[in-house]
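> Predicted structure and sequence below. I'll ask about it afterward.
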Protein chains: 4
Amino acid sequence: MITVGVLGATGAVGQRFVQLLADHPWFDLGVLTASERSAGKKYRDAVNWRLDVPFPEGAGEIVVSPTTAAAVKDCDIVFSALPADVAGKTELEVAAAGVGVCSNASSHRMDPDVPLVIPEVNADHLGLIDVQHDRGRDGFIVTNPNCSTIMLTLALAPLQPLGFSGVQVATMQAISGAGFQGIAGMEIFDNVVPFIKNEEEKMETEPRKIMGTFDGAAVEPASFSVSACCNRVPVIDGHTLSVWLDMDRSLEEIRRAFEEYVAPFSGLPTQPAKSVEYLKQPDRPQPRLDRNRGNGMTVSVGRLREGPRFTALGHNTIRGAAGASVLNAELIYKEKYL
Amino acid sequence: MITVGVLGATGAVGQRFVQLLADHPWFDLGVLTASERSAGKKYRDAVNWRLDVPFPEGAGEIVVSPTTAAAVKDCDIVFSALPADVAGKTELEVAAAGVGVCSNASSHRMDPDVPLVIPEVNADHLGLIDVQHDRGRDGFIVTNPNCSTIMLTLALAPLQPLGFSGVQVATMQAISGAGFQGIAGMEIFDNVVPFIKNEEEKMETEPRKIMGTFDGAAVEPASFSVSACCNRVPVIDGHTLSVWLDMDRSLEEIRRAFEEYVAPFSGLPTQPAKSVEYLKQPDRPQPRLDRNRGNGMTVSVGRLREGPRFTALGHNTIRGAAGASVLNAELIYKEKYL
Amino acid sequence: MITVGVLGATGAVGQRFVQLLADHPWFDLGVLTASERSAGKKYRDAVNWRLDVPFPEGAGEIVVSPTTAAAVKDCDIVFSALPADVAGKTELEVAAAGVGVCSNASSHRMDPDVPLVIPEVNADHLGLIDVQHDRGRDGFIVTNPNCSTIMLTLALAPLQPLGFSGVQVATMQAISGAGFQGIAGMEIFDNVVPFIKNEEEKMETEPRKIMGTFDGAAVEPASFSVSACCNRVPVIDGHTLSVWLDMDRSLEEIRRAFEEYVAPFSGLPTQPAKSVEYLKQPDRPQPRLDRNRGNGMTVSVGRLREGPRFTALGHNTIRGAAGASVLNAELIYKEKYL
Amino acid sequence: MITVGVLGATGAVGQRFVQLLADHPWFDLGVLTASERSAGKKYRDAVNWRLDVPFPEGAGEIVVSPTTAAAVKDCDIVFSALPADVAGKTELEVAAAGVGVCSNASSHRMDPDVPLVIPEVNADHLGLIDVQHDRGRDGFIVTNPNCSTIMLTLALAPLQPLGFSGVQVATMQAISGAGFQGIAGMEIFDNVVPFIKNEEEKMETEPRKIMGTFDGAAVEPASFSVSACCNRVPVIDGHTLSVWLDMDRSLEEIRRAFEEYVAPFSGLPTQPAKSVEYLKQPDRPQPRLDRNRGNGMTVSVGRLREGPRFTALGHNTIRGAAGASVLNAELIYKEKYL
């Protein structure tokens, strides 16, 4: 068992981290940080638990620390659920203090020496950890992608061997992706908001880094292009994507690639039985019915038809955020980067 | 004033017809038909009024007739809100009886001699009425497109002079489009359903007929292709579309085309001030805020950006159904086809 | 025509005021105030218009003033949509400057010399305006009740002659009552929140003042008691109430009282045809279908049955807020208190 | 292990039964019945699985039988999720065939010799099974109450020793209570429906039978009265109740009764740690956050205040339906009624 912590443990993603780490077989949850206002309180008193799963009683006894490098210096790995404006500086300080940071924040995702990892897709990019060490960083930073990027990129993973040159994707994203206070009821109720700040930019750059080639020193982005239309819809959890591909393969080849896909590793506790699951019913996947597949870690695909086009779906705060970071940490631990 | 009727006046679209016709300046609402079960009752007793606008008291006194050609034979125009399985035969009988039928049903939309009309786009296709007469039909059938087709096609109208070769569109469609009983609460609540029966097929064929060329005898479909992903979302009224175009024009040209667009006719009572309105705010159009523009007859567009791609939105049971038929009838009346 | 203004014109209630006043037959909308940040901008640029009715273009040209007594000193009446923490002081200053204030804020509702008015119920309480003048206030303050109080009290108005000693009421209140940002999507989506701050207290005191007796100097509260359970539900507009009464009257007497009720005045522009409307259908009133009766100014009642108990419903931001204040102002103007 | 079956296994409650029984430690799920149309198919092919928990793969292989007594004659217990119009006759036939029926249907709840049981409240009423045997029934019928009755009655269980003479309750009930197709999206979206057929009648009679006295031969109903206002709200799962009591006890006594309440039995697999849980936060319980307490078997109470009044909440298709029946069956098995 190694000791882990969570930076920003009281927000929407922070609570998911605590849920996933409370009974983790490899990781011992030791440190939870939050704002100065919460520091010194027991976690059970500091947090307004808003998830629809029971509060993890064990974690409730942890006394919350302020969000500083000093607070987490004895952890082996810390998970960052910090907002982007705070994450940039804090994560650097934590990594400088010799700690491994698995971050869900966007701040360092596009840094050349920071791996942007989905274990099923680009585990080899973890080699950038050595590049960071070589440049004098005691610890390291490893990031996971933006929530909608993860759904898209993982759905594309089975098709990468077939080749594609372009992706067009319209998203229908859940409100939990904006955090507990991120979107007012009056804004989203009986409504669609066809704009999510910076989201399309992330979807158009992150997949190319993730699917890029690591030569031991740097990542060369993949050459395909992505064009995204991001929409917020009145759904609690689960991002749904309508995806078109520019590729010259038959539907039969694509379907077989989805159905025969197997993750290139196994044995990680948070890993689902199927990372990508192809659903045959004509009206699936649907967020309310399919977001919890594989405990929220499976990306479901379906409705493959001429175009080629298909629908993809995943749980945005589990596979798309906290679960993504935890899976990265499990891979890091197993691959002995600590 | 001419006398009009509504076939299938108690359903979701039927009620919208009654709302729009109750105080119409040109049309006198004289006949309302429904199933045998309702025939003989006053409309106010036969209908379970479900719209969020007040019940039109005047129409409430009309005694409901059964849905037969005989019932409407004294009308100049009848509006059809019949379901497709009933509409096919009944509309033929009504037209054979010398009555003009303005239909929202899909049954005859693709008939070679039936015009599929959006007044702003292809008023000249009404010439097919003469073709119908030449072939021995006493009355005529004129159809309006499927609800999501109307939003797409009207949004494309300002761009037709600029030329485009392909369209990709992901829809987020309101539940009212399925009728009052069409979709269960448990199906759509906190959910997205990525499948609407026959909808993608309609969106991929109807716009080409509407934007096709009428040579006095037949319509040659336009050559562009459409690829659609249709989704149902938890919104009461208003279809939202994410649209990509294959075209080589600058964003500036496209924006100007949207902003300078003027409908090619004026003076119809149901016509909005702007048939297409370009919204500058970065997060618009949105269904709850924009569906009622122009009394539900305006299609709003916005979020134009590289691709080119943009967002379009309109009220699906007004501009996308009953209002579309009424506007067609107003054009027919004004153009003296009666 | 007299000149009126709106204090706090950019919020949820402020926008409703602007909507209702933009084309008012008696009132000329001259002044709109907002925070310092908005002052100096045209209203169309200062406001993020969030209502589902079209933006009133005329009001859009008004240059927004800061929220001060000086800004509105030339108005005859100003409407206050200020939050309670600001309203208390500002409304006193405006009234001291000789202006009549019709306020939707709670700050002064229970002041002994401030009338808390629903025109249909206690128009005579406007006599407190003279008491205010006698005590040296140049202008005056008149308040309307809390939104859920209005629905309850107006629904009780027809029954007041029959007598009742106690009221128990469970509310199901719409999210617009909390303002545009008042309740997060994650809080209310797929949820009920059984707590609204200070709401039960207001419902338990305000109706007794409104239905109290004014002797020319002060109001003696009515003697009945109210016990309220206030709940927030996922509805945009419209508060629904389940009401029990302690009274010894037959259902027939109560029904007749509802059906025969006529408002004790007429001729006010914002007044609906029926202030209280009894619906006979067994499953009404419902917020989506009935909130817009009488342009949002009618309170609907129904489901009367043994208990006696019944259901009441009204539009919370029209009859329950802005419309209530405007109706008060119309009564004040007609009764020559200006 | 004893063999059990489910009558009507493909509907909303039927699916919950299958979920709860698929891995039950005492019960071996052997028979699933459905309509003739589904008979002969594997359950995985016959059911349109609509729950947001994974499909139980083991049950998927069971071949569905038609809903007849013959089909379940080798079961020790069958659970009935039949609609009331079918349940009446079928359950009698199954019980006559020597099988124990645990029914969620309303058909036989008020039969004098059929126990209406909530294990925590009236386990002794199971003695009516012997009465049924004495009257010549080979098997037996045991029923659980209507969903909202269960929430109310279980919430009252801790207070029964304190005594109360009357209950007034307003419910806010989830849409899943009406079954998958029971309520259309257009009916309930952005809406409250203040009417649920027969629901108030059930709430006003069932609690009195459950809390009545069994003298070895018959049940004498409890003397308190219940007055209910039942409302449907846009929530997926979880019924919320605003409750007033006629009782002369201090809030402190009532709170202590809630907090110190312990179920009068233990050791049943489906039994939650706390059957009734008192929540201290001022804005709880809430359906989205609290319905899954105790795996959906806990009734949460809170907001206790003068009246006395309080809020209660429970999961309507688990504690309020399938879970209630399974808990009854566990008690029957443990108490050796088989």
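Ah, there it is. Small disclaimer: the values here were computed from a predicted structure and weren't measured.
> tell me which residues in stretch A:255-267 are buried?
Neighbour counts using 16 or more other Cβ atoms under 10 Å in any protein chain shown place A:255, A:257-258, A:261, A:263 of stretch A:255-267 among the buried residues. Every C-beta, even on glycine, is put in place using the N, C-alpha and C of the backbone.
> whoops, stretch A:275-293 was the one
The neighbour-count check on stretch A:275-293 (16+ other Cβ under 10 Å) flags A:275-279, A:283-293 as buried.
> What of stretch A:41-49?
By 16+ other Cβ under 10 Å, the buried positions in stretch A:41-49 come out as A:43, A:46-47, A:49.
> re the thing from before, if we take the buried residues of stretch A:275-293, which one ends up nearest to residue C:36?
residue A:287 (42.6 Å; Cβ to Cβ).
> Pretty sure that closest one sits against residue B:190.
Yes. Between residue A:287 and residue B:190 there is a contact under Cβ atoms under 8 Å: 7.3 Å.
> okay, and the common contacts of the two?
residue A:235 (Cβ atoms under 8 Å, 6 or more residues apart in numbering or on different chains).
> Check the buried residues of stretch A:275-293 against residue D:172 and report the nearest one.
Among the buried residues of stretch A:275-293, residue A:288 lies closest to residue D:172 (Cβ to Cβ), at 20.4 Å.
> Setting aside sequence neighbours, what's the nearest residue to the closest one?
Computed as Cβ to Cβ, 6 or more residues apart in numbering or on different chains, the closest residue to residue A:288 that is not its neighbour in sequence is residue B:191, at 4.1 Å.
> what's around the one you found, how many residues?
25 (other Cβ atoms under 10 Å in any protein chain shown).
> closest point of the stretch 1-150 of chain A to chain D, which residue?
Nearest residue of the stretch 1-150 of chain A to chain D (Cβ to the nearest Cβ) works out as residue A:52 at 5.8 Å.
> okay, now that residue: neighbour count?
Residues lying near residue A:52 (other Cβ under 10 Å) number 18.
> what about it, distance to residue A:316?
15 Å (Cβ to Cβ, to the nearest Å).
> for residue A:50, same thing?
Distance of residue A:50 to residue A:316, computed by Cβ to Cβ: 15 Å.
> For the stretch 201-338 of chain A, which residues are neighbours of chain B?
By Cβ under 8 Å from any Cβ of the partner chain, the residues of the stretch 201-338 of chain A that approach chain B are A:227, A:229, A:231, A:233-236, A:238, A:240, A:242, A:244, A:282-289, A:302-303, A:306-307, A:309, A:311.
> still on that earlier bit, quick check: the farthest pair among the buried residues of stretch A:275-293?
So, these by Cβ to Cβ: farthest apart are A:275 and A:283, at 22.6 Å.
> In three-state terms, label the residue of the stretch 1-150 of chain A closest to chain D for me.
With DSSP: H, G, I helix; E, B strand; the rest coil as the basis, residue A:52 sits in coil.
> residue contacts, it?
Contact analysis of residue A:52 by Cβ under 8 Å, 6+ apart lists D:288-289, D:291-292.
> again, only this time at 10 Å
A:236-237, C:190-191, D:237-238, D:286-292 (Cβ atoms under 10 Å, 6 or more residues apart in numbering or on different chains).
> re the thing from before, near chain C, which of the buried residues of stretch A:41-49 show up?
Among the buried residues of stretch A:41-49, not one lies near chain C by Cβ under 10 Å from any Cβ of the partner chain.
> Which members of the residues you listed occur in helices, if any?
Among these, DSSP state H puts A:43, A:46 in helices.
> Helix, strand or coil: sort out the closest residue in space to residue A:255 that isn't next to it in sequence for me.
Closest residue to residue A:255 apart from its sequence neighbours, by Cβ to Cβ, 6+ apart: residue A:304 at 5.6 Å. Classification of residue A:304 by three-state DSSP places it in strand.
> phi, psi of residue A:240?
phi -110, psi 140 (degrees, to the nearest 10).
> what's the span of stretch A:9-28, first residue to last?
By Cα to Cα, to the nearest Å, the extent of stretch A:9-28 from end to end equals 15 Å.
> So what would you say the end-to-end distance of stretch A:100-114 is?
Using Cα to Cα, the end-to-end distance of stretch A:100-114 comes to 12 Å.
> try stretch A:302-310
End-to-end distance of stretch A:302-310 (Cα to Cα): 6 Å.
> What residues of that stretch count as buried?
Buried residues in stretch A:302-310, counted by 16+ other Cβ under 10 Å: A:302-304, A:307-310.
> And stretch A:86-99, by the same measure?
For stretch A:86-99, using 16+ other Cβ under 10 Å, the buried residues are A:86-87, A:90-95, A:97, A:99.
> Looking at stretch A:199-217 now, give me its mean pLDDT.
Mean pLDDT, computed over stretch A:199-217, is 98.
> is it anywhere near chain C?
No. Stretch A:199-217 lies out of reach of chain C by Cβ under 10 Å from any Cβ, never closer than 16.7 Å.
> so how far is that stretch off the chain centroid?
How far stretch A:199-217 lies from its chain's middle: 14 Å, per Cα atoms, centre = their mean, to the nearest Å.
> hmm, back to that, filter the residues of the stretch 201-338 of chain A next to chain B down to the ones in strands?
A:227, A:229, A:231, A:240, A:242, A:244, A:302-303, A:309, A:311 (DSSP state E).
> neighbour-wise, which of those residues leads?
residue A:240 (31 neighbours).
> from what I can see that one touches residue A:170, true?
Yes. At 9.3 Å, residue A:240 counts as touching residue A:170 under the criterion of Cβ atoms under 10 Å.
> Residues of the stretch 151-300 of chain A that sit close to chain C?
Contact residues (Cβ under 10 Å from any Cβ) of the stretch 151-300 of chain A with chain C: A:174-176, A:178-191, A:232, A:234-237, A:288.
> thinking again about what came up before, just flag the most distant two among the contacts of residue A:52.
Farthest pair in the contacts of residue A:52 (Cβ to Cβ) is A:237 and D:290. Separation: 17.4 Å.
> tell me the contacts of residue A:125?
A:114-119, A:142, A:209-210, A:212-214, A:219.
> what's the spacing between the residue lying farthest from the centre of chain A and residue A:257?
Ranked by distance from the centre of chain A (Cα atoms, centre = their mean), the top residue is residue A:250, with 30.6 Å. Distance from residue A:250 to residue A:257, counting by Cβ to Cβ: 11 Å.
> Overlap in contacts, these two.
Residues touching both residue A:250 and residue A:257 (Cβ under 10 Å, 6+ apart) are residue A:162.
> Determine the number of other residues adjacent to the one residue in the stretch 101-250 of chain A that gets nearest to chain D.
Using Cβ to the nearest Cβ, residue A:190 is the residue of the stretch 101-250 of chain A that sits closest to chain D, at 5.4 Å. Residues contacting residue A:190 under the criterion other Cβ under 10 Å number 23.
> Same check on residue A:252?
By the criterion of other Cβ under 10 Å, residue A:252 has 9 neighbours.
> Pop the domain breakdown of chain A in here.
What automatic domain parsing lists as the domains of chain A is A:2-146+A:321-334, A:147-315.
> Kind regards, and thank you for your time.
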